[in-house]
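>>> I need the structure of the sequence given here:
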Amino acid sequence: MAKKKAPMVTLECPEHPELLVTFPRVEFHDGTAQTDEATAEIIIDELGDDYGIALAAPVPVEEEAPVEEAPAEVVEG
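Model (predicted):
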């Protein structure tokens, strides 16, 4: 039986943009890292204040605008 993937969250660390946390392993690139919620909680609790690590603000998902169809052209000939 396949495991369900845990939801991922984004962490920010602008003070140390290339930070590598070895346990639990979290690797920041350009100030952000993706990890599961449980690991994010551990990282923030243990290292957040010392390294400026925080949850990234959620990015609002833009809904796609409905595509309007152009009226059909009638060619008489």
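
>>> Could you say which helix or strand holds Asp49?
Element membership of Asp49, judged by DSSP states H and E, is helix 37-51.

>>> buried sites along that helix?
Buried positions in helix 37-51, judged by neighbour count with 16 or more other Cβ atoms under 10 Å: 39-40, 43-44, 47-48, 51. Glycine gets a C-beta too; all of them are placed from N, C-alpha and C.

>>> likewise stretch 24-35?
Buried, per 16+ other Cβ under 10 Å, within stretch 24-35: 26, 28, 31, 33, 35.

>>> Tell me which two in those residues are the farthest apart.
Gly31 and Thr35 (14.2 Å; Cβ to Cβ).

>>> OK, contacts around the residue nearest to Pro7 when sequence neighbours are not counted?
Among residues not flanking Pro7 along the chain, Glu37 sits closest, at 6.0 Å (Cβ to Cβ, 6 or more residues apart in numbering). Glu37 makes contacts with 6-7, 9, as judged by Cβ atoms under 8 Å, 6 or more residues apart in numbering.

>>> Narrow these to just the buried residues.
Neighbour-count burial (16+ other Cβ under 10 Å) is assigned, among those, to Val9.

>>> Go ahead and name everything in contact with the helix or strand encompassing Thr35.
Element membership for Thr35 (DSSP H and E) is strand 32-36. For strand 32-36, the external contacting residues (Cβ under 8 Å, 6+ apart) are 6-13, 19, 24, 26-27, 43, 56.
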